[in-house]
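Undergrad: Make a model of this:
(one chain, ligands or ions: 1)
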Amino acid sequence: MLQKTPPRRDLRTRTPGGASARRNADEAVARLAWWQKAVFYQIAPLSFQDTDGDGKGDINGIIQRLDHLEWLGIDAVWLCPIYSSPMLDFGYDMVDFCAVDPLFGSLADFDRLLAELHGRGMKLILDFIPNHTSDQHPWFTESRSSRENPKRDWYVWADPGPDGGPPNNWLSRFGGSAWEWDHGSGQYYYHAFLKEQPDLNWRNRDVRRAMADVLRFWLDRGVDGFRVDASAVLAEDELLRDDPPDPKFDAETTPPPQRLTRVFTDDRPESLDYLEELRAVIDEYPDRVLAGEVQGKTNRIGHFYGNDRPRFHLPLNFALLDAKWNAVALQAQIDAYYNAIPDHAWPDWVIGGHDKKRLASTIGKAQARVAAMLALTLKGTPFFFAGDEIGMEQVPIPPDRIRDPFERLVPGYGLNRDPERSPMRWDSGPHGGFTTGEPYLPMGDDVERRNVRTLKDDQRSLLWLYRRLIALRRATPALTAGDHRPLRSRNDILRFERALADQRVLVALNTSPQPRRLDIAGTANLLLSTNLDRDGETIRGATMLRADEGIILALDA
Ligand code: NOJ
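TA: So this is what the prediction gives:
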């Protein structure tokens, strides 16, 4: 059944159809925009690399670590907020959208980072936070100064309800009423998140103009696009109607802010109009991308691509993070997602992020390798979070070191996002080489074993798997640009094909901790195994997948 052939010297797949088929495949890849081919790497600057000893990462730290990104084969970076901020919510509370917080460095440092990335052939997209500002933002200071202030209408103000309390029952995502009383001006203001993060009023044209100018400010500096934060909550119901209770809520387990169905605060049609305006700004510049956090269920995600008027290029898709991790559930999630997006839409797959529990903890270290293979072989743009490539797990946070306001305000439901934000580990030295000071979050107790330097020395590590997968994806047109062909998953093996011109690639992922037999029609050449020890094997008819093993096969056309 198995025959050993000498290891392949490079990762290029064969093209049995010869030169013209190869040309067709290459042309299909060349027709894609850069962001369709790119592998995105998310960096939370606070948690990446500190250079000034304050225990918090900075822009110079990112510059210092660009060799790592290049070695991995990253094409594009999504950088979490670097803007001037009191940092109550990890920088998602800005006092100035067009200034770099001194904690991270200066605008000159930013320009240097952008130039360095571009010099290495990588792109940079920034987080753009349109929904709210910090309550310290000069716009809000003006707005709250009096009801007559010209900026009053830049935020969402309302009179008390009939009982003298908040105008309605809307809840902040971070706990409690979404309305905060402002004594000075005698009204409530709305905040979807912290009370220190008042919502901007997107119905106001001047707000929209000002925010469009923020985009232009960064686009003029050369950034390649944005990830739009909380884009589904830009507008709320104008009539201020109460949200109904969620019939599925469970008093024991549902966190209080999630006990209403957000009919009147989320996903309002006006928000989609505003996203079209943002996209129009992006389209003033050639070759930029707009990705967005849409918080939508799979059945809503299609709307965020737009129709005659485009919205996002890439509404971010968390289906893999939210899926039950077994072959049958995954094949259903994948299918539901592909069916939910419009025909012209380009898919994307997110397997990590600063708000999401690390996969290495939720599905385990062994399946984290399978997840990497899945995300890097499915049709669509993959996104992962710095640290995923070394299998970082949720780091326990003692109560006195909790930073996340979410956990402080809604304790006891496992909502703390600090565990996934624990700093990156670069080597086995003190604090993993992240800082010479005291890291702002605990580093975890496996730093010595699990860090970039140590895993780089082991050519079968997860880190190497990421590198090999990215290289294989780039070298294999069917994986970059090919169609997705679903296959029926059986025997705990998630299976699908990618096909382009005369290339057919089969991906088979054993989601069980037991060996499983995989049958194939004909012969195939094994391009990569998650265990990184089988490439070059020829498979005839069938093979055994070891526990938690995924493989990529080049099939005979
Ligand atoms: C979504 C961001 O990803 C999250 O980290 C933040 O707390 C909220 N938006 C509020 O900005």
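
Undergrad: Up against the ligand, what does this structure have?
TA: Within the chain, the positions near the ligand by Cβ under 6 Å from any ligand atom are 89, 90, 92, 129, 193, 229, 230, 293, 354, 355. For glycine as for every other residue, the C-beta is placed from the backbone atoms N, C-alpha and C.

Undergrad: Show me which of those residues is closest to residue 429.
TA: Residue 429 has its nearest neighbour among the residues of the chain next to the ligand in residue 354, at 24.8 Å by Cβ to Cβ.

Undergrad: The closest one and residue 419 touch, don't they?
TA: No: using Cβ atoms under 8 Å, residue 354 is not in contact with residue 419; the gap is 10.9 Å.

Undergrad: who has more neighbours, those two?
TA: residue 419 (21 against 18; other Cβ atoms under 10 Å).

Undergrad: Can you verify the more buried one is assigned to a helix?
TA: Yes: Residue 419: assigned to a helix according to DSSP: H, G, I helix; E, B strand; the rest coil.

Undergrad: pLDDT averaged over the host helix or strand of residue 20 - what is it?
TA: Using DSSP states H and E, the element containing residue 20 is helix 19-31. Mean per-residue pLDDT for helix 19-31: 91.

Undergrad: Now do the buried residues in that helix.
TA: Neighbour-count burial for helix 19-31, with 16 or more other Cβ atoms under 10 Å as criterion, is recorded at 21, 22, 24, 25, 28, 29.

Undergrad: and of the residues you listed, the nearest to the ligand?
TA: The closest of the buried residues of helix 19-31 to the ligand turns out to be residue 29 (Cβ to the nearest ligand atom; 31.6 Å).

Undergrad: Quick check, the residue in the stretch 301-450 of the chain closest to the ligand?
TA: For the stretch 301-450 of the chain, Cβ to the nearest ligand atom, closest residue to the ligand: residue 355, 4.7 Å.

Undergrad: That residue and residue 170, how far apart?
TA: Applying Cβ to Cβ, to the nearest Å, the value for residue 355 to residue 170 is 21 Å.

Undergrad: same deal with residue 189?
TA: Using Cβ to Cβ, one gets 12 Å for the distance from residue 189 to residue 170.

Undergrad: Check the contact lists of these two and give me the overlap.
TA: Shared contacts of residue 189 and residue 170 (Cβ atoms under 8 Å, 6 or more residues apart in numbering): residue 179.

Undergrad: Just want to check the distance between residue 72 and residue 531.
TA: 19 Å.

Undergrad: Please apply the same query to residue 292.
TA: 36 Å.

Undergrad: Look at the two and report which has more neighbours.
TA: residue 292 (26 against 17).

Undergrad: if I read this right, that one contacts residue 227, doesn't it?
TA: Yes: counting by Cβ under 8 Å, residue 227 is a contact partner of residue 292 at 6.8 Å.

Undergrad: what's the spacing between the closest residue to the ligand within the stretch 51-200 of the chain and residue 129?
TA: Going by Cβ to the nearest ligand atom, the ligand is nearest to residue 92 of the stretch 51-200 of the chain, at 3.3 Å. Noted for residue 92: a distance of 6 Å to residue 129, by Cβ to Cβ.

Undergrad: what do you get for residue 382?
TA: With Cβ to Cβ as the criterion, residue 382 and residue 129 are 24 Å apart.

Undergrad: Who are the contact partners of whichever residue of the stretch 201-350 of the chain sits closest to the ligand?
TA: Of all residues in the stretch 201-350 of the chain, residue 230 sits closest to the ligand, at 4.4 Å by Cβ to the nearest ligand atom. Shown in contact with residue 230 (Cβ under 8 Å, 6+ apart): 129, 130, 131, 132, 192, 193, 293, 295.

Undergrad: do the same with residue 87
TA: Contacts of residue 87 (Cβ under 8 Å, 6+ apart): 93, 101, 103.

Undergrad: Need the pLDDT of it.
TA: Model confidence at residue 87 (pLDDT) stands at 98.

Undergrad: still on that earlier bit, if you count surrounding residues, which of residue 355 and residue 170 has more?
TA: Between residue 355 and residue 170, residue 170 has the larger neighbour count (other Cβ under 10 Å), namely 22 against 16.

Undergrad: The more buried one reaches residue 265, doesn't it?
TA: Yes: with contact defined as Cβ under 8 Å, residue 170 and residue 265 form a contacting pair (5.5 Å).

Undergrad: which residues are common contacts for those two?
TA: Residues touching both residue 170 and residue 265 by Cβ under 8 Å, 6+ apart: 178, 236, 243.

Undergrad: just checking, which of those residues belong to strands?
TA: Judged by DSSP state E, strands contain none of those.

Undergrad: How about the contacts made by residue 64?
TA: Here residue 64 is in contact with 49, 51 (Cβ under 8 Å, 6+ apart).

Undergrad: Try it again at 10 Å.
TA: Listed by Cβ atoms under 10 Å, 6 or more residues apart in numbering, the contact set of residue 64 reads 48, 49, 50, 51, 58, 116, 426.

Undergrad: Filter the residues you listed down to just the buried residues.
TA: Among the contacts of residue 64, those classed as buried by 16+ other Cβ under 10 Å are 48, 49, 50, 51, 58, 426.
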